[in-house]
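Asker: following is a predicted model, sequence given first.
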Amino acid sequence: MAASEQPAESAGRWRGRLHVVTGKGGTGKTSVAAALALGLAAGGRRTLLVEVEGRQGIAQLFDTDPLPYEERHLTDAPGGGEVRALAVDAEEALLEYLDMFYKLGAAGRALRKLGAIDFATTIAPGLRDVLLTGKVKEATTRSVGSRRAYDAVVLDAPPTGRIGRFLNVTAETARLAKVGPIKTQSEGVSALLRSPMTSVHVVTLLEEMPVQETLDAVADLSQLGFPVGRVIVNGVRPPVPAGRAVTAAELKRGLAAAGLPTDARTVAGLAGEARDQRVRRELEDSLRGDLVELGLPLTELPLLPDGVDRAGLATLADALVRAD
Amino acid sequence: MPSEDAAPPLDVDQILADPGVRIVVCCGAGGVGKTTTAAALALRAAERHGRRTVVLTIDPARRLAQSLGLTELDNTPRQVKGIDVEASGGELHAMMLDMKRTFDDVVLQHTDPTKAAEIFANPFYQAMSSTFAGTQEYMAMEKLGQLHARGDWDLIVVDTPPSRSALDFLDAPARLSRFLDGRMLRLLLAPARSGGRSMFSLVTASFGMFSKVVQKVLGAQLLTDLSGFVAALDSMFGGFRQRAEQTYRILQARETAFLLVAAPEPDAVREAAYFAGRLRDERMPLAGLVLNRVHEPAAELGAAESLAAAERLAGVGGHEGTVEVLRAHAALAQQADREQRVAARFTEAFPAVPAVSVTAQPADVHDVDGLRTIGEAISRR
């Protein structure tokens, strides 16, 4: 792969600077987010991979120590790029935010000791989300000199069931804060999230529940005015050639020709597996059809037989940024 | 089943049939088939073991909910019709949790209607009852406590919320009661209790500064709403904590059986192992692990052998159908090997926890027949 060609290619395909990756639990959205950050960093670019749910999923994926609330080098990308990582913590973000506006210093720590920060983010969940997304916005729009700090920011976002509410910060905070900087802040975040700079991608598997949640999430996000980017189908198995089902007699002849056992149990077992597979593939095809009907660009990622290790991530990254 | 040799086999029927077991809690990561497992176990308890069973589901897939006759979210158990309980005399009831309504009911139970109306109108209450991280977990516990207290059922099967982490289910009640009982609330309440108009008049300097900052950041209206919320909730504190503690004790009792649900994927297995450790620490009774979606080749033919034979045959030609079948079998066998390695991480950490594997179904389950099949598979019949 010629890394130097990648930025141009991927820039066309992955429009925008902030990539929000959501998906039903268990679909592999953290792996996909990490692979996207890796893919977009290839060829000398710098990306930031952010998590907001305190799960330390990135650290587990990369087998590193838990991430602090601090942008850290995570890994190099092919062609001289770099992926940095950040675990945003709502409490830390609030302290940082208060410090920025009110120069709190040690008093901020005192508030934390008192439980004030925990209290504030607990009593007003919308506040928590606006702090988290606010930090993501800051990183996305930050400049160092005349250059952007990051070519792209990839957010490992909450799952499909919560994504609409998470991104819809203005509605959530408007209920609580009618004036003041939090309101201004949430309006700024909302403007970024609804701009062409942002793209929300939904990760799914070719299974009924994840596909249903994908359809629901896409409808929900579109209705709320968030730009939906791609639907990413994870764990796709290689296609099987279309053809009629093999008969038991044919199978028996084939096994004999290959020098394998041809006892009734083996033949019936293999035939049963083939039948199950056919049923499964038909279901997958019909689910894929449902996704195609959304009219969104679809990216399929291969099932990794050995799980998502470092090499697997590179494979996914490659599949994500390669042209269709 | 080499992966199960290490762990003792889990006998689900024994649990479901035991009159001493009155609560089965299914917990685990999201997307592992928790709800389906809970529904299948409840159906089996009713049909096979003649128990008057209720299943509390949190967020069932639409078609699964429909198969249980759950077409509306009305927060009360409804009897499931069209199941086979003639011989056993059991019953199956099912309900979906309505988090906000459960919270409202708790409020109504602990306070008079005027005060309740005041609380319902408060924006903080609205935010907290519908979006507070942990409310769903807390309300699932609350509902479980309610169903248990009613004493109408022999067996309550509970599905747990698709939390950020399965641990939220255990932690939420404590967190909520800590929160409602916390220093911050007492500080906020102090002036309200003494009847003062300025809610921060009696507190420390740093707190005075906090209130100033809060006023600046969030606006003064917010403080008024907040103090109103806190004052209104004051009367309910004791009740909240007491109930959370009660439910917690029920979960520790012998009448409860926790079943971990996982799929043979690293995240789900890690979560299950984490949860098993937590249950041990909290002295809660872990009955076993249900490992869903396990791939099991029907033919005993190694992956490498199968693949080599496929290549050989492809070279010979004329056996395209068999080549495809062998390739598919090799992929299946590889997947099965990988799944066993992943599952072994749990059994190595918790060798004494009984386990059962449930073979992956070719299609998703959304009717009673499908649930029955899953029930058979879980109980290895």
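Answerer: The structure has been received and is ready for your questions. Numbers count the residues shown, from 1 in each chain, chains lettered A, B, ... in the order given.

Asker: residue contacts, B:M99?
Answerer: For B:M99, the contact set (C-beta atoms under 8 Å, 6 or more residues apart in numbering or on different chains) comprises B:S129, B:S130, B:T135, B:Q136, B:M139. In this view, the C-beta of every residue, glycine as well, is placed from N, C-alpha and C.

Asker: quick one: the helices in the stretch 151-300 of chain B, in order.
Answerer: B:168-180, B:183-194, B:205-218, B:220-234, B:237-252, B:266-281 (DSSP state H, counting those that start in this stretch).

Asker: secondary structure element holding the closest residue to A:P305 other than its chain neighbours?
Answerer: Using C-beta to C-beta, 6 or more residues apart in numbering or on different chains and skipping the chain neighbours, the partner closest in space to A:P305 is B:Q334 (5.6 Å). Per DSSP states H and E, B:Q334 falls inside helix B:320-349.

Asker: what does A:D76 give?
Answerer: A:D76 belongs to strand A:72-77 when assigned by DSSP H and E.

Asker: returning to that earlier point: and the helix holding B:Q334, what does it pack against?
Answerer: On a contact count with 3 or more C-beta pairs under 8 Å, 6 or more residues apart in numbering or on different chains; DSSP states H and E, helix B:320-349 meets helix A:248-257, helix A:264-292, helix B:2-5, helix B:266-281, strand B:286-294, helix B:303-316, strand B:355-359.

Asker: residue in the stretch 251-381 of chain B nearest to chain A?
Answerer: Closest approach of the stretch 251-381 of chain B to chain A (C-beta to the nearest C-beta) occurs at B:T322, with a separation of 2.5 Å.

Asker: so for the helix holding B:Q334, what gets flagged as buried?
Answerer: B:321-340, B:342-344, B:346-347 (16 or more other C-beta atoms under 10 Å in any protein chain shown).

Asker: what's the answer for stretch A:266-273, then?
Answerer: Buried residues in stretch A:266-273 (16+ other C-beta under 10 Å): A:T266, A:V267, A:G269, A:L270, A:A271, A:E273.

Asker: wait, the first one sits on B:P297?
Answerer: To tie it back to what came earlier, the one meant is A:T266. No. Counting by C-beta atoms under 8 Å, A:T266 stays clear of B:P297, with 10.6 Å between them.

Asker: tell me the contacts of B:R78?
Answerer: B:G69, B:L70, B:H93, B:A94, B:M95.

Asker: same check on B:V85?
Answerer: B:V85 makes contact with B:A46, B:E47, B:G50, B:E91, B:L92, according to C-beta under 8 Å, 6+ apart.

Asker: tell me the centre residue of chain B?
Answerer: A centroid search over chain B (C-alpha atoms, centre = their mean) returns B:T160, at 1.1 Å, as the residue closest to the centre.

Asker: hang on, it packs against B:C26?
Answerer: Yes. Between B:T160 and B:C26 there is a contact at 6.5 Å, judged by C-beta under 8 Å.

Asker: give me the common contacts of these two.
Answerer: B:K34.

Asker: A strand includes B:M95, no?
Answerer: Yes. Under DSSP: H, G, I helix; E, B strand; the rest coil, B:M95 falls within a strand.

Asker: name the SS class of A:V153, please.
Answerer: strand.

Asker: I'd say it and A:T140 touch.
Answerer: Yes. Contact criterion C-beta under 8 Å: A:V153 and A:T140 qualify, at 4.6 Å.

Asker: and those two? Which one has more around it.
Answerer: Per other C-beta atoms under 10 Å in any protein chain shown, whichever of A:V153 and A:T140 has more neighbours is A:V153, with 29 against 23.

Asker: and that one, what pLDDT?
Answerer: pLDDT recorded at A:V153 is 98.

Asker: which residues touch the residue of the stretch 101-250 of chain A found nearest chain B?
Answerer: In the stretch 101-250 of chain A, the residue that lies nearest chain B is A:V246 (3.1 Å; C-beta to the nearest C-beta). Going by C-beta under 8 Å, 6+ apart, A:V246 touches A:G254, A:A271, A:A274, B:G321, B:T322, B:E324, B:V325.

Asker: tell me the contacts of the second one?
Answerer: Neighbouring residues of A:A271 by C-beta under 8 Å, 6+ apart: A:V246, A:A248, A:L251, B:V325.

Asker: check the last one too.
Answerer: Residues touching B:V325, when contacts are defined by C-beta under 8 Å, 6+ apart, comprise A:V246, A:L251, A:G254, A:L270, A:A271, A:E273, A:A274.

Asker: over to the third one?
Answerer: By C-beta under 8 Å, 6+ apart, the residues touching A:A274 are A:A245, A:V246, B:E324, B:V325, B:A328.

Asker: tell me the pLDDT of the last one.
Answerer: In other words, B:A328. For B:A328, pLDDT reads 90.

Asker: count of residues packed around the residue lying closest to it once chain neighbours are set aside?
Answerer: Nearest non-adjacent residue to B:A328, counting by C-beta to C-beta, 6+ apart: A:Q277, 5.4 Å away. A:Q277: 19 surrounding residues under other C-beta under 10 Å.

Asker: again with B:A87
Answerer: 9.

Asker: list phi and psi for it.
Answerer: Per-residue torsions, B:A87: phi -70, psi -40 (degrees, to the nearest 10).

Asker: same deal with B:G318?
Answerer: The phi/psi pair for B:G318 (degrees, to the nearest 10) is phi 90, psi 0.

Asker: and B:Q79, by the same measure?
Answerer: Here is the backbone geometry of B:Q79 (degrees, to the nearest 10): phi -70, psi 140.

Asker: where's it relative to B:T53, distance?
Answerer: With distances taken as C-beta to C-beta, to the nearest Å, B:Q79 is found 11 Å from B:T53.

Asker: no further questions, thank you.
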